[in-house]
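[1] here is my input; please provide its structure:
(one chain, ligands or ions: 1)
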Amino acid sequence: MTKTSSFPYPQSAALVTGASRGIGAAIARELARRGIAALALTARTAADLDRVADEIRSAFPATRIEVIAADLAEPDAPAFLKAETDRIGLSVDLLINNAGFGSYGLFDESESARNTAMVEVNIAALVKLTHLYLPEMRARGRGGILNVASTAAFQAVPYLAAYSATKAFVLSFSEAVWAETQEWNPPASDVRVVCLCPGGTDTNFGDGMDRGRFENGPQSTPEEVAVGGLDALDRNASYVVVGLSNYVGTLGSRLLPRARMARMTASMFRPLSSSGPAESEKTRRYLAAGGIVAAIGVVGVLLAAAKRRGD
Ligand SMILES: NC(=O)c1ccc[n+]([C@@H]2O[C@H](COP(=O)([O-])OP(=O)(O)OC[C@H]3O[C@@H](n4cnc5c(N)ncnc54)[C@H](OP(=O)(O)O)[C@@H]3O)[C@@H](O)[C@H]2O)c1
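    Residues are numbered from 1 along each chain as shown. Below you'll find the predicted structure:
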């Protein structure tokens, strides 16, 4: 098996966090469809986990499914999950760090406890789980970790300030660990680390948030996101952005001045109730330049895709 062959799902057991609904449940279903041998599903709400587990069992009776309820905002939850998977004899070689949540609005008006819990779930639990399961994958010479970030990882997102920063952490951390695994004695070692970056996706993610100006943006389905992430795992990509327009959108932060990018993003995410400052002539020029960059990006992506098809 090489690092560019499909992930060996039928020989693997996966732990999926945030599996009770949305993207995590879609990834669990897609793993079963790809023939995963065993699945451990975790989130806080046991009843929702049971519902997803029953649904997958009836469609894929050969897949072993375990449910473990845990609150990843609790600092000891990752160690508890590792102890539980060990106790039930599940040797996890695919870790899906998907659980996460956001908080929308002005940062100075945000709830401090919610920000702290967000950092615990979106960052600390993901780092701890990676640290708990990666050494065994390295020892076995195979495994995979799929960390769910967001297109919000690529630039500061005003009004989602703490959330976008947690996702920037996930992207940077994942790429660094991916690069380390590439230096592990190839080709004997096949451990993959992928950062999955969805854009707006049709889930319960925005429930309870005033989604403001980003409410009506284009949405992927959780199934599209799941397939995009697992296809990236199959090709041993370091990261993947789901959707061409989302990908093009991430290019702006590579080319535009950071302060200008943050101001432009603020104008996109500002609450509907606030008119905000009028766009300056300079901002309009940057937006026009951004459009040109996006168009060049689309042409580049299409040329690259055409070249790949011709290889
Ligand atoms: N939807 C989007 O537009 C979008 C875009 C980019 C990235 N993402 C990312 O995709 C991931 C999945 O989000 P989603 O859209 O599927 O949202 P979702 O429908 O709200 O699902 C979130 C999942 O995380 C679990 N979770 C939340 N808090 C938890 C906690 N303290 N401990 C354990 N589990 C917890 C939830 O289950 P319980 O409530 O039962 O615990 C649920 O299973 C997140 O990391 C999110 O940041 C989403």
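[2] which residue, neighbours along the chain excluded, lies closest to Thr166?
    Ranked by CB to CB, 6 or more residues apart in numbering and with sequence neighbours excluded, the top spatial neighbour of Thr166 is Asn122, at 3.8 Å. C-betas here are computed from N, CA, C, even on glycine.
[3] cool, Ala188 as well?
    The nearest residue in space to Ala188 (CB to CB, 6+ apart) is Gly141, at 5.8 Å.
[4] that neighbour reaches Asp93, doesn't it?
    No. Using CB atoms under 8 Å, Gly141 is not in contact with Asp93, being 10.1 Å away.
[5] show me what contacts Arg140?
    Residues in contact with Arg140 (CB atoms under 8 Å, 6 or more residues apart in numbering) are 91, 93.
[6] no no, Thr85
    15, 40, 66, 68, 91-92.
[7] with Asp48 instead?
    For Asp48, the contacting residues are 20-21, by CB under 8 Å, 6+ apart.
[8] i'd like the first residue to be 157 from this point on
    Noted, 157 is the first residue going forward, which turns the last one into Asp204.
[9] do the helix or strand harbouring it and the ligand meet at all?
    Per DSSP states H and E: Asp204 is located in helix 202-215. Yes. Helix 202-215 comes into contact with the ligand (CB under 6 Å from any ligand atom), by way of Asp204.
[10] in that helix, what counts as buried?
    Buried residues in helix 202-215, counted by 16 or more other CB atoms under 10 Å: 204-205, 208-209, 212.
[11] what's the answer for stretch 216-235, then?
    Result for stretch 216-235 [16+ other CB under 10 Å]: buried residues 216, 219, 221-229, 233-234.
[12] sorry, back to before: give me the pLDDT for the residue nearest to Ala344.
    For Gly297, the pLDDT comes out at 95.
[13] list the contacts of it.
    344-347.
[14] give me phi/psi at it?
    The phi/psi pair for Gly297 (degrees, to the nearest 10) reads phi 80, psi 10.
[15] for the helix holding Asp204, give the mean pLDDT please.
    Helix 202-215 comes out at a mean pLDDT of 98.
[16] gap between Leu352 and the ligand?
    Leu352 sits at a distance of 8 Å from the ligand (criterion: CB to the nearest ligand atom, to the nearest Å).
[17] what's the burial count for that residue?
    Neighbourhood size, Leu352 [other CB atoms under 10 Å]: 29.
[18] tell me the secondary structure at it.
    Secondary structure, DSSP: H, G, I helix; E, B strand; the rest coil: Leu352 is strand.
[19] what bridges to it?
    Leu352 has the following beta-bridge partners by DSSP bridges: Val304, Val396.
[20] surely Leu327 touches Cys351?
    Yes. Leu327 is in contact with Cys351 according to CB under 8 Å; the separation is 5.2 Å.
[21] overlap of the contact sets of the two?
    305, 309, 395.
[22] can you check the pLDDT for the closest residue to the last one other than its chain neighbours?
    To tie it back to what came earlier, the one meant is Tyr395. In space, and not counting its chain neighbours, Tyr395 is closest to Cys351: 4.1 Å by CB to CB, 6+ apart. Model confidence at Cys351, given as pLDDT, is 98.
[23] and the residue nearest to Thr322, what does it touch?
    Asn278 neighbours (CB under 8 Å, 6+ apart): 256-257, 319, 322-323, 325-326.
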